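Asker: whatever this is, show me its structure:
(chains A and B, ligands or ions: 4)
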Amino acid sequence: MLVPGADFPHLCAQCEDYPCVEACPFKALSISRKTSAVLVNDEKCTGCGKCIEACPGRIPHMHPADKKIVICDLCNGNPQCVKVCQEGGWNVLKTVTRGEHPYRLYARKPEEQTRSLAIKLYGEKAEEFI
Amino acid sequence: MILGYAGKFLEIGLSEGAFKDVTFDDKLLKDYVGGRGLAAKILCDRLISKWEELDPLGPDNVLLFLPGPLTGFFPGGRVCVSGKSPQSNGVVGSTVGGEFGVELRCAGYDGVIVTGQAKKPVYVFIKDSDVEIRDASRIWGKDGKETNTLLNKECRRLLSERYPRYGEWKEPAKLYIGPAGENKVRTAVVMAKWTHAAGYGGYGAVMGSKNLKAVAVKGTGPLPEVADLGKVRRMIDAVDKSAYENVLWRRWGTGGGGYSFAAKSSSEPIRNWQEEWHDEKGYGVDQFESRLWVKQSWSDFGCGTNCMKIAQVKSGKFKGAITDNPDYEMEAYLGPNLGIFVPEENVFMASLIDDLGLCGIQTGNVMGFAAELFQRGILSKNDLDGIELKWGDTEAFAKLAKKIALREGVGNLLAEGTYRAALKIGKMKGKDVLQYAVQSKGIGIGAHGIRSGKDFSTDIGYACSVQCGDHTSITDLPVDGALGEVWAVFNDSAICCNFSGGFGLPRNLKFDFYNAVTGLELTRQKWGKGGGLKTLQIQRALLLLGGPDLKWNPKVHDDNPSRFYEPLPSGPYKGKAADRTSVRESVQKYYQEAGWDENGVPKSETLKKLELGDVDKALRKLRK
Ligand code: SF4
Ligand code: SF4
Ligand code: SF4
Ligand code: SF4
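Answerer: Ligands and ions are numbered 1, 2, ... in the order given. Sure, this is the predicted structure:
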């Protein structure tokens, strides 16, 4: 939350072309047949950070203690974040079937995402905070 | 080691530019828990012998940022800010939401203790065990929102330079001050986000006096290990479930108060408490909701209650002004208390007060006081540097607020807070103006009046509180009765948000939660007769020792502001007032129950029973 109020989840969007998977020199990343999520093989991941650079949204997260990459795995098709969001009555997250959609659009860097949301919330005033 | 604690505290000596880890033994943590209780204990141990001479705005004050063992677990992470208060000259435990306490505990610390004074403006950047005192000259003088932006940028840049392979960092959590804190204004706050504030106590001024602009912290470790994780999970679920059932509370938060505490309970400050009732339907929560709230569900760390709102003025003269909330206190003190009844103008005032780093309650209180003196012809336009301080004139109040934050002209006088300003103005004008000062022992009364008897505040709620005018720490009879101050002590020590879960949480829940985290077996009863009282006695003792500029005489000062004895002039409770005789009786009764003598000084035997021999020794001089 670089600008208060402009909070957003900075999570994997399952790009159609999976640049992170392509970029990993150690073949630590693969694509789940069941959910299309990116799966990390901890044993192979060296923490080199190449996938972060390759991701249009710099989304892969380096675990600070394990020094291995963490990427949303869609909870093997049963997303827990969606569950709590529904339980809490926010109804922001929903589970949808994967279809034809430019998913890549959602892979955004924090600054870009913040800018859009802050402008939506605060209009031109937002420029002062970014 | 007790579970639920990170195991060490960070002590930063700003004079030497040095830092070290410190620890406290289990017994002490058991008794004082964290947050407010621990703050009182640390201050007492280190400073009680020189308390009366200790200038809260001098280098010898000790400034504390202390989370509690529940911070990060109980939904809505809070941290307590404390030290010797430049408002009451005692100790106030002032808690604030946001992520600071959580990040700090993930960095491996249970708290930060700041001593001394930096030579030039600095900020402290904590990344796990890496601690740095950094130059803050670029941020000094900046307002709240600018400070937040600049710190985010600088800290994220530092992190990505130092950890080039780590990708994106969530920004560190920050506590900081605005211009008011820098200028040692006694009504200045310590802020988080934009601005959550630790308001009561005036610790923004203490940070300013230490040349400390901000503390930023990033922790990458886990939260401390807990005793019973399954139970902690269930407790979190219980709090959230309760929140989900409080539908209107989630929707409006305290924002419904600006109308309802006036129209329904007649307990809202209006024109410096000359009235407590209004029926301005244009000030209804629906107006705030539909015209101003650009974000309706917003919350502190891990909180399912999401009582926070963000408001922005969309049209008119004050277009563009943003504030997170306003909550009820801001609605009241920066609204009707100044004769302002237009939601847009209220949001503008709240936004300005945020930016300046002022406390909306204390500053709204002192500005209302000044406006009443203007109304009565005691302060002239000339005295007010040419400002015609008419009720409802938002621009006039905005001008005055800026002067206060910058200690400019008449602002320098009002920057001392209502009580001190009243003494000075009284002398200047040769008139007793204390009767218009709606405060208790240096702290302006929270926006919950007592005259109608329809609000939660009791008639000795403020008079006997060790945090004085603080509406979140009122007293009741019996001492451990439903609204007793010992519960506020627990809340601010373990640290829970009062609002998380809405209302209707089972009474024992916070204690069960604490036990699940720590593995201890604390009950409500034990706390009410033990730990809670210890902290209360220390706070009382330090409040009575007071000094150096002011001292409290319980006979005079353990009382309500005189306004509360004037009958309410309007509304359904017209004619109602607090009753002097019954208040006096209740105060004496409270003294007895709290183990204080007839002059309100904690008795030797009380203190000895609570193992507070050092406090007893320090109080001897007050017992003559
Ligand atoms: S950090 Fe791990 S997953 Fe990412 S590119 Fe390197 S080895 Fe592959
Ligand atoms: S969003 Fe990033 S991490 Fe996810 S698939 Fe695309 S490139 Fe990979
Ligand atoms: S809960 Fe599961 S689906 Fe949701 S973000 Fe986390 S890993 Fe992804
Ligand atoms: S209830 Fe409101 S104030 Fe308390 S933690 Fe949740 S959002 Fe913050």
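Asker: so does stretch B:90-108 get close to ligand 4?
Answerer: Yes. Using Cβ under 6 Å from any ligand atom, stretch B:90-108 reaches ligand 4 at B:Gly97. Any C-beta I mention is one placed from the backbone N, CA and C, and that applies to glycine too.
Asker: please compute how far that stretch lies from its chain's middle.
Answerer: Here the centre of stretch B:90-108 is set off from its chain's centre by 12 Å, with Cα atoms, centre = their mean, to the nearest Å.
Asker: any part of that stretch near chain A?
Answerer: No. Applying Cβ under 8 Å from any Cβ of the partner chain, one finds stretch B:90-108 out of contact with chain A, separated by at least 8.9 Å.
Asker: kindly export that stretch (C-alpha atoms) in CSV.
Answerer: Taking Å, rounded to 0.1, in the frame of the first residue of the first chain, the C-alpha atoms of stretch B:90-108 are listed here in CSV:
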residue,chain,number,x,y,z
GLY,B,90,2.2,11.7,33.9
VAL,B,91,2.2,8.7,31.7
VAL,B,92,-0.3,8.0,29.0
GLY,B,93,-0.4,4.8,27.0
SER,B,94,-1.6,6.0,23.6
THR,B,95,-2.3,3.3,21.0
VAL,B,96,-2.4,3.5,17.3
GLY,B,97,-3.3,1.1,14.5
GLY,B,98,-1.5,0.2,11.4
GLU,B,99,1.3,-2.3,10.7
PHE,B,100,4.1,-0.9,12.8
GLY,B,101,3.7,-3.3,15.8
VAL,B,102,3.4,-6.3,13.5
GLU,B,103,6.4,-5.4,11.4
LEU,B,104,8.4,-4.7,14.6
ARG,B,105,7.6,-8.1,16.0
CYS,B,106,8.4,-9.8,12.7
ALA,B,107,11.7,-7.9,12.9
GLY,B,108,12.4,-9.7,16.2
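Asker: which bits of chain A sit near ligand 3?
Answerer: A:Leu11, A:Cys72, A:Asp73, A:Leu74, A:Cys75, A:Pro79, A:Gln80, A:Cys81.
Asker: name the nearest residue to the fourth one, sequence neighbours excluded.
Answerer: Here the nearest residue to A:Leu74 in space, its sequence neighbours aside, is A:Ala37; by Cβ to Cβ, 6 or more residues apart in numbering or on different chains that works out to 4.0 Å.
Asker: contacts only, for that neighbour.
Answerer: Neighbour list for A:Ala37: A:Cys12, A:Gln14, A:Ile31, A:Ile71, A:Cys72, A:Asp73, A:Leu74 [criterion: Cβ atoms under 8 Å, 6 or more residues apart in numbering or on different chains].
Asker: B:Gly167 now?
Answerer: Contacts of B:Gly167 by Cβ under 8 Å, 6+ apart are A:Gly49, A:Ile52, A:Arg58, A:Ile59, A:Pro60, A:His61, A:Met62.
Asker: and the fourth one, helix, strand or coil?
Answerer: When classified by DSSP: H, G, I helix; E, B strand; the rest coil, A:Ile59 comes out as coil.
Asker: doesn't A:Leu39 fall inside a helix?
Answerer: No. Counting by three-state DSSP, A:Leu39 is located in no helix; its state is strand.
Asker: and the pLDDT for the residue of the stretch 51-200 of chain B found nearest ligand 1?
Answerer: Using Cβ to the nearest ligand atom, the single residue of the stretch 51-200 of chain B nearest to ligand 1 is B:Arg165, 7.7 Å away. B:Arg165 is assigned 90 on the pLDDT scale.
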